[in-house]
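Peer 1: Turn this into a model:
(chains A and B)
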Amino acid sequence: MSFSVTEPSPKTKWFAGVMVVGYAIVTLLPLIWIIATGFKSPADAISYPPKVIFEPTLEGYVNLFTERTRATPEMLEAAGPPETWYQEIVRGQDMVISGPSRYGARFLNSVIIGFGSTALCMILGTAAAYAFSRFRVPLKDDLLFFILSTRMMPPIAVAIPIFLMFRQIGLNDTHLGMILLYTAVNLSLSVWLLKGFIDEIPIEYEEAALIDGYTRFQAFYKVVLPQAATGIASTAIFCLIFAWNEYAFAVLLTSGTAQTAPPFIPTIIGVGGKDWPAVAAGATIFLVPVMIFTILLRKHLLRGITFGAVRK
Amino acid sequence: MTTSPIDRVARATPAAAARRIRGLSDRTIAWIFVAPSIFLLLAVNIFPLIWTIRLSFTDFRVNRPNNDMEWVGLRNYQRILTDDDVWQTMQATAHFLIWTILLQVLIGFFLAFLINKKFRGNDLWTTIIVFPMMLSPAVVGNFWTFLYQPQIGLFNYVVAFFTGADPAGFSMIGDVHLAPWAIVIADTWMWTPFVMLICLAGLRSIPDSIYEAAECDRASKLRQFFTITMPMVLPFLMLAVLFRGIENFKMFDLVVQLTGGGPGNTTTLTSIDLKREAFEKWRTGYSSAYAVILFVTVFGLASIYVKALNKVKDR
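Peer 2: Next comes the predicted model:
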């Protein structure tokens, strides 16, 4: 390593490393606790002092995905021996499975609405971003502030007329309604992020293609789109994460068929008190995919969270 | 040269289609590309906004659609601005805003400063620290109520462990004095990485050569910090404050799941109050006026702030 006055000394680095790792561990504690609680038995989950070492069980996950009813000893005996491992776990609580819970359906709604709105948002966003980047659009500079301003509106404030509008045209509590809504909310972010990515592609590439006889459309999808692929992918993940996490619109505009997981997870209750392991299990299944996406996104995180205002 | 690309393309596309596509001017294409997005934004953002403004001058109630809607002029606005409960809500929001921004800026900047020391593995740890802010605030907020449980909660246990207090003796979300801090702590936990990332970008944007020059001039490290680092990072820091300010002004999901606005009205932030008025009491006209006031407030504050930000950037 060459000598440099700006290179921190090994001692400084060591100190900084210890402090940051210390913070990371503290900040991760609640997340680790969620994951751990999902594998605890209800008794372990609410024990004092909080249990760090416990016997892992899938009870929380079984409770998450099933509806159970309490059974008398006679009923249990009449039902015969448990056939599967999950039935066995439920029997251990003196209960029998009466059917699947709604969690699976809610999770599926999150997947459908998340991916649906992301796909639509990327189609509309890429086209608009390309136009903003390559053609002369009036008032271009004012748009950033305009778009920031649509984000300033508290979702609850917009939710009132959207609720009325959706009810009028029958979009309340439908997948299509939520997909359109999330697409609109994400559109500003995706247009601005994508515009930044497309701006970085030298315009000469397209000019060369146009001279070679490509039409604008061909230049767009044969030259620009492949070049912008990474940008489009990371923007898509941002849109997906937003739609995945959204709560305010979901809780106000959906109640049954199209309800996503975030409004549902907090409503999970067990028999006799809140079933924290089941809640934690539901949260774990819901949160872990986002953590994985975060790792994939790490190079573009900053851009995504600042609307492309800060680029590295 | 037997086949030029033009020939190839011409042969590949049917004559009529080719003529049609070739006939499109750039302006038409720009229009086709932008129109769907503009239409959707108008339908889902602008149209509802106009509708909200219209409703705000009426006494409309969604749950009584058969009642005749009456124009009440500015009465809704007048009632909101003279309502003590609304001002209490504003105070709760101000407390939440000021403390979360202060803590997040301090911790976030310090963390970024440390990460910028480029110790081994700093990229990995940066990614790990970022996790909380990417997660669903409602789901995480719901789980924080578990961490805050008296006696069995992890948070209470850790606090008790370090201070010697009784873990069952205090309830972060049940106590009138502690609840406002409970939401500040959870929000700070969640969003400090956001400020950290932006500060880190600011720190990394400072070229080494400036420090080298300062070193040649024998400026002390402390002096370098205040005359180089701080001024260069300031625009980034202000951007972070702008984003956090707007986001926390409309904070809903995390806090509603954490405390539900309670106990009493101590953590009823404006968005939560608005939700109660609009979707529990169904005072649609009144809550529309409320929404307009909030929007104007945040828009006004933000535009003043953006002006200041631009001034700092130009300097």
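Peer 1: would you list every one of the helices in the stretch 201-315 of chain B?
Peer 2: Using DSSP state H, counting those that start in this stretch, the helices of the stretch 201-315 of chain B run over B:208-216, B:221-224, B:230-249, B:253-258, B:270-279, B:284-314.
Peer 1: Could you see whether chain A lies near the last one?
Peer 2: It stands for helix B:284-314. Yes: interface with chain A: helix B:284-314 contributes B:284, B:287-288, B:290-292, B:294-295, B:298-299, B:302-303, B:306 (Cβ under 8 Å from any Cβ of the partner chain). Quick note: C-beta positions are derived from backbone N, CA and C, even for glycine.
Peer 1: quick one on the thing from earlier: nearest to A:A184, of the helices of the stretch 201-315 of chain B?
Peer 2: helix B:284-314 (16.9 Å; Cβ to Cβ).
Peer 1: and that closest one, what does it pack onto?
Peer 2: Using 3 or more Cβ pairs under 8 Å, 6 or more residues apart in numbering or on different chains; DSSP states H and E, the elements in contact with helix B:284-314 are helix A:140-152, helix A:155-168, helix B:47-55, helix B:75-81, helix B:230-249, helix B:270-279.
Peer 1: Looking at the residues of helix B:284-314 next to chain A, which is nearest chain A?
Peer 2: Checking the residues of helix B:284-314 next to chain A against chain A by Cβ to the nearest Cβ gives B:A291 as the nearest, at 3.3 Å.
Peer 1: residues touching the nearest residue to that closest one once chain neighbours are set aside, list them.
Peer 2: Closest residue to B:A291 apart from its sequence neighbours, by Cβ to Cβ, 6 or more residues apart in numbering or on different chains: A:A157 at 3.3 Å. The contact partners of A:A157, by Cβ atoms under 8 Å, 6 or more residues apart in numbering or on different chains, come to B:52, B:274, B:290-292, B:294-295.
Peer 1: cool, B:T188 as well?
Peer 2: Neighbouring residues of B:T188 by Cβ under 8 Å, 6+ apart: B:100, B:103-104, B:107.
Peer 1: quick one on the thing from earlier: so for B:M69, which of the helices of the stretch 201-315 of chain B sits nearest?
Peer 2: Nearest of the helices of the stretch 201-315 of chain B to B:M69, taken as Cβ to Cβ: helix B:284-314 at 8.1 Å.
Peer 1: Check the offset of that closest one from the chain's centre.
Peer 2: In terms of Cα atoms, centre = their mean, to the nearest Å, the centre of helix B:284-314 is set 13 Å apart from its chain centre.
Peer 1: Buried residues in that helix, which are they?
Peer 2: B:284-295, B:298-299, B:302, B:305-306, B:309 (16 or more other Cβ atoms under 10 Å in any protein chain shown).
Peer 1: quick one: it to helix B:270-279, angle?
Peer 2: Relative orientation of helix B:284-314 and helix B:270-279, computed by axes from the mean of the first three to the mean of the last three Cα atoms, to 10 degrees: 150 degrees.
Peer 1: Can you get me a residue count around A:L171?
Peer 2: 19 (other Cβ atoms under 10 Å in any protein chain shown).
Peer 1: how close does the residue nearest to it when sequence neighbours are not counted sit to A:F115?
Peer 2: The spatially closest residue to A:L171, leaving aside those adjacent along the chain, is A:G177, at 3.3 Å (Cβ to Cβ, 6+ apart). Distance check for A:G177 against A:F115: by Cβ to Cβ, to the nearest Å, it reads 16 Å.
Peer 1: Where does the prediction get shaky in the chain?
Peer 2: Went with chain A since none was named. Where chain A drops to pLDDT under 70, the residues are A:1-5, A:137-151, A:271-272, A:311-312.
Peer 1: To clarify, I was referring to chain B.
Peer 2: The model of chain B has pLDDT under 70 over residues B:1-24, B:313-315.
Peer 1: Repeat the analysis, applying 50 as the threshold.
Peer 2: B:1-3, B:15-20 (pLDDT under 50).
Peer 1: Skip the chain neighbours and tell me the closest residue to the residue positioned nearest the centre of it.
Peer 2: The centre of chain B sits closest to B:E247, judged by Cα atoms, centre = their mean, with a distance of 1.9 Å. Distances taken as Cβ to Cβ, 6+ apart put B:W191 closest to B:E247, at 7.7 Å, once the chain neighbours are dropped.
Peer 1: repeat for A:L31
Peer 2: Of all residues not flanking A:L31 in the chain, B:F131 sits nearest, at 6.3 Å (Cβ to Cβ, 6+ apart).
Peer 1: State the distance from the one you found to A:L301.
Peer 2: With distances taken as Cβ to Cβ, B:F131 is found 11 Å from A:L301.
Peer 1: Now for those two: what residues contact both?
Peer 2: Shared contacts of B:F131 and A:L301 (Cβ under 8 Å, 6+ apart): A:T294.
Peer 1: A:I169 and A:I162, how far apart?
Peer 2: If you measure A:I169 against A:I162 using Cβ to Cβ, the figure is 11 Å.
Peer 1: ok, now A:S117?
Peer 2: The value you get for A:S117 to A:I162, if Cβ to Cβ is used, is 15 Å.
Peer 1: just B:I107 next, same as before
Peer 2: 36 Å.
Peer 1: more neighbours, these two?
Peer 2: Neighbours per residue, other Cβ under 10 Å: of B:I107 and A:I162, the larger number sits with A:I162, 27 against 18.
Peer 1: Report the contact partners of that one.
Peer 2: Contacts for A:I162 (Cβ under 8 Å, 6+ apart) come out as A:181, A:249, A:253, B:44, B:48.
Peer 1: Excluding chain neighbours, what is closest to the fourth one?
Peer 2: Just to be clear, that refers to B:V44. Leaving out its chain neighbours, the residue that sits closest to B:V44 by Cβ to Cβ, 6+ apart is A:A184, at 3.5 Å.
Peer 1: and what of B:T259?
Peer 2: B:T267 is the one closest to B:T259 (Cβ to Cβ, 6+ apart), at 4.4 Å.
Peer 1: my guess is that neighbour contacts B:I183, does it?
Peer 2: Yes: with contact defined as Cβ atoms under 8 Å, B:T267 and B:I183 form a contacting pair (5.4 Å).
Peer 1: joint contacts of these two?
Peer 2: Shared contacts of B:T267 and B:I183, defined by Cβ under 8 Å, 6+ apart, comprise B:96, B:255, B:258-259.
Peer 1: rewinding a little: what's the distance between the residue nearest to B:T259 and A:A248?
Peer 2: With Cβ to Cβ as the criterion, B:T267 and A:A248 are 16 Å apart.
Peer 1: what about the two, which has more around it?
Peer 2: A count of neighbours by other Cβ under 10 Å puts B:T267 above the other of B:T267 and A:A248, at 27 against 22.
Peer 1: show me what contacts that one?
Peer 2: B:T267 sits next to B:92, B:96, B:179-180, B:182-183, B:255, B:258-259, B:261 when contact means Cβ under 8 Å, 6+ apart.
Peer 1: could the residues you listed be laid out in CSV, adding distance to A:G231 and neighbour count?
Peer 2: Output for these, formatted as CSV (distance: Cβ to Cβ, whole Å; neighbours: other Cβ atoms under 10 Å in any protein chain shown):
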residue, distance to A:G231, neighbour count
B:A92, 40, 23
B:F96, 35, 22
B:A179, 43, 24
B:P180, 41, 17
B:A182, 39, 24
B:I183, 36, 28
B:V255, 34, 27
B:L258, 36, 27
B:T259, 39, 26
B:G261, 40, 22
